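Participant: sequence first, predicted model second:
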Amino acid sequence: MISDLDSPSPELIDKCVHCGFCLPTCPTYLLWGEEMDSPRGRIHLMKAGVEGRAEITPTYVKHFDACLGCLACVTACPSGVQYAPLIEKQRAQIERNYERPAGDRAFRSLLMSLIPYPGRMRIALAPLALFGGLVRAIGRAGILPKRLSAALKLAPRVSIGSLFASTPERTAAAGVERMKVAMLTGCVQRLAFADVNDATVRVLTAEGCSVAAPGAQGCCGALPLHAGYIDQARELARHNIDVFERSGVERIVVNAAGCGSAMKEYGELFKDDPAWATRAHDLSAKVRDVSELLAELGEPRAPRHPIAARVAYHDACHLAHGQGVRAQPRALLQAIPGIELVTPAEPEICCGSAGIYNLVQPTPAAQLGERKAKHIAAASPDMIATANPGCTLQIGSAAAKLGYEWPIFHPIELVDASIRGVDPRKL
Ligand code: SF4
Ligand code: SF4
């Protein structure tokens with residue numbers, strides 16, 4: 001039974017006029033053509049739950065577990081339905097009030113007790129750093145349960161060096177300071193994509209920002225928030241609000257789409273908590289994706305050198321649909337001489353990564369990954385650019401399965417390489 005605490009808002013539910021404009025952009029409706037696996041169907045089920053007409057049964061839960069939370073429906077909806085807070089609350093209800101089968105519950109709890117905590121993840125990823133080839137071969141051998149094998153296939157490439165990499169707590173601006181910013185170093189990002197953080201600091205400082213990367217910061221809470229672990233998300237968010245408030249900066253820069261989207265939602269997450277509502281709202285107002293921040297700074301200060309490459313830009317859902325950030329990363333890339341930017345077909349459709357989705361729902365995730373990789377292949381790129389670590393891993397895995405080996409970069413890595421005058425493929 002849906003309970004009152006953190007229940008999906010009836011006012012938001014009632015904004016849906018059942019027009020169906022969202023259906024063609026919903027990845028699960030695209031895969032199965034099933035109304036209850038469309039945004040409209042899921043909102044209908046939420047309404048039935050909130051009004052006490054539906055129990056939380058395995059069939060009821062299945063339709064919400066299948067949702068990627070990609071928010072393509074938000075972009076498509078002409079009535080302004082805010083699906084993000086609806087699905088987040090709906091999932092919180094499921095995790096609180098539904099007894100999952102033991103294996104499913106244990107797997108989800110394991111992910112939530114590991115991924116958002118870099119110290120624990122460092123230990124979990126150490127075998128990959130030491131015996132990566134062997135561990136991946138076991139994942140490919142088909143001898144493990146489906147979810148475990150998906151986790152190994154999608155595991156990031158890490159080294160002992162990357163697991164212990166750290167970002168300096170303060171880096172001064174090059175030349176006259178234009179802005180003081182702080183950077184979220186992330187949980188997966190700091191361990192597996194430390195190069196992206198390094199590139200972000202270099203570009204921001206080259207463009208006149210002093211960059212703080214508070215050592216006390218933790219996970220932003222995006223993964224638990226999107227998976228229904230709302231209390232854990234709030235706990236992580238409170239910690240980071242505290243840490244970033246103390247940094248005294250004008251902007252908080254994020255280079256991972258899912259994290260930026262979650263941090264911009266802190267206001268919503270704490271709107272009913274008088275002790276935190278204002279602080280959360282004020283912090284959210286300072287959060288910018290790195291591409292937004294660079295656009296806000298105006299005319300680039302650091303000269304760009306050419307990179308001769310055809311680049312396929314993949315819109316991360318939580319950047320495009322979650323934050324409405326589409327033009328800024330494209331403008332950043334197009335400002336690099338020599339880059340030919342292409343957008344593969346179906347840019348609005350999720351690649352299947354979606355937080356922990358490709359771990360808990362490996363079959364539809366793999367189907368969507370393959371669909372995405374085929375569209376990218378049709379665009380014949382030399383490299384891919386995308387602004388979310390999950391998309392990088394998912395597309396890399398789907399591409400490898402089809403025999404493609406495109407290098408995949410965060411857009412900020414290409415800007416950094418251009419400023420430094422190096423070919424990103426040789427880094
Ligand atoms: S979030 Fe994505 S998968 Fe879920 S209903 Fe909306 S479009 Fe469909
Ligand atoms: S487009 Fe918006 S209003 Fe129309 S069915 Fe989808 S969610 Fe409801």
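Facilitator: Nice, thanks for sending it over. Numbers count the residues shown, from 1 in each chain. Ligands and ions are numbered 1, 2, ... in the order given.
Participant: use CA for all of it now, contacts and neighbours both
Facilitator: Fine.
Participant: ok, residues contacting the top helix by length along the chain?
Facilitator: Ranked by residue count under DSSP state H, the longest helix found in the chain is helix 118-140. With contact meaning CA atoms under 8 Å, 6 or more residues apart in numbering, helix 118-140 is reached by 114-115, 144, 148-153, 157-160, 163, 187-188, 190-191, 218-219.
Participant: and the buried ones among the residues you listed, selectable in ChimeraX?
Facilitator: Selecting only the buried entries of the contacts of helix 118-140 in ChimeraX, with 16 or more other CA atoms under 10 Å as the criterion:
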select :114,115,148,149,150,151,152,153,158,159,163,187,188,190,191,218,219
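Participant: in strands only, show me the contacts of helix 118-140.
Facilitator: Using DSSP state E, no member of the contacts of helix 118-140 falls in strands.
Participant: what residues sit buried inside the longest helix of the chain?
Facilitator: Residues 118, 121-122, 125, 128-129, 132, 135-136, 139 are the ones in helix 118-140 that count as buried (16+ other CA under 10 Å).
Participant: what does this structure have sitting close to ligand 2?
Facilitator: Within reach of ligand 2 by CA under 6 Å from any ligand atom, the chain has these residues: 16-22, 39-40, 76-79, 81.
Participant: can I get those in CSV including pLDDT?
Facilitator: Formatted as CSV, those follow (pLDDT from 0 to 100):
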residue, pLDDT
Cys16, 98
Val17, 98
His18, 97
Cys19, 98
Gly20, 97
Phe21, 98
Cys22, 98
Pro39, 98
Arg40, 98
Ala76, 98
Cys77, 98
Pro78, 98
Ser79, 97
Val81, 97
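Participant: and those near ligand 1, which?
Facilitator: Contacts with ligand 1 within the residues of the chain next to ligand 2, counted by CA under 6 Å from any ligand atom: Pro39.
Participant: in terms of helices and strands, where is Gly403?
Facilitator: Gly403 belongs to no helix or strand when elements are defined using DSSP states H and E.
Participant: how close does it get to ligand 1?
Facilitator: 27 Å (CA to the nearest ligand atom, to the nearest Å).
Participant: and the pLDDT for the residue of the stretch 251-400 of the chain found nearest ligand 1?
Facilitator: Scanning the stretch 251-400 of the chain for the residue nearest ligand 1 gives Cys350, at 7.5 Å (criterion: CA to the nearest ligand atom). pLDDT for Cys350: 97.
Participant: where do the helices sit along the stretch 101-250 of the chain?
Facilitator: Using DSSP state H, counting those that start in this stretch, the helices of the stretch 101-250 of the chain run over 102-114, 118-140, 146-154, 160-163, 188-192, 194-206, 222-227, 230-246.
Participant: want to throw the residues of the chain next to ligand 2 into JSON lines with distance to Ala309, neighbour count and secondary structure?
Facilitator: JSON lines is the format used below for the residues of the chain next to ligand 2 (distance: CA to CA, whole Å; neighbours: other CA atoms under 10 Å; DSSP: H, G, I helix; E, B strand; the rest coil):
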{"residue": "Cys16", "distance to Ala309": "43", "neighbour count": "20", "secondary structure": "coil"}
{"residue": "Val17", "distance to Ala309": "45", "neighbour count": "12", "secondary structure": "coil"}
{"residue": "His18", "distance to Ala309": "44", "neighbour count": "14", "secondary structure": "coil"}
{"residue": "Cys19", "distance to Ala309": "42", "neighbour count": "11", "secondary structure": "coil"}
{"residue": "Gly20", "distance to Ala309": "39", "neighbour count": "17", "secondary structure": "coil"}
{"residue": "Phe21", "distance to Ala309": "36", "neighbour count": "15", "secondary structure": "coil"}
{"residue": "Cys22", "distance to Ala309": "35", "neighbour count": "20", "secondary structure": "coil"}
{"residue": "Pro39", "distance to Ala309": "38", "neighbour count": "31", "secondary structure": "helix"}
{"residue": "Arg40", "distance to Ala309": "41", "neighbour count": "22", "secondary structure": "helix"}
{"residue": "Ala76", "distance to Ala309": "32", "neighbour count": "19", "secondary structure": "helix"}
{"residue": "Cys77", "distance to Ala309": "35", "neighbour count": "21", "secondary structure": "coil"}
{"residue": "Pro78", "distance to Ala309": "37", "neighbour count": "14", "secondary structure": "coil"}
{"residue": "Ser79", "distance to Ala309": "40", "neighbour count": "13", "secondary structure": "coil"}
{"residue": "Val81", "distance to Ala309": "39", "neighbour count": "21", "secondary structure": "coil"}
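Participant: nearest residue to His305 other than its sequence neighbours?
Facilitator: Ser418 (4.8 Å; CA to CA, 6 or more residues apart in numbering).
Participant: distance check, that neighbour against Arg425.
Facilitator: According to CA to CA, to the nearest Å, Ser418 and Arg425 sit 12 Å apart.
Participant: now do Ala345
Facilitator: When Ala345 is compared with Arg425 (using CA to CA), they lie 25 Å apart.
Participant: gap between the lowest-mean-pLDDT helix or strand in the chain and the chain center?
Facilitator: None of the helices or strands of the chain scores lower by mean pLDDT, DSSP states H and E than helix 146-154, at a mean of 80. Counting by CA atoms, centre = their mean, to the nearest Å, helix 146-154 is centred 19 Å from the centre of its parent chain.
Participant: likewise stretch 68-84?
Facilitator: The chain centroid and the centroid of stretch 68-84 are separated by 16 Å, computed with CA atoms, centre = their mean.
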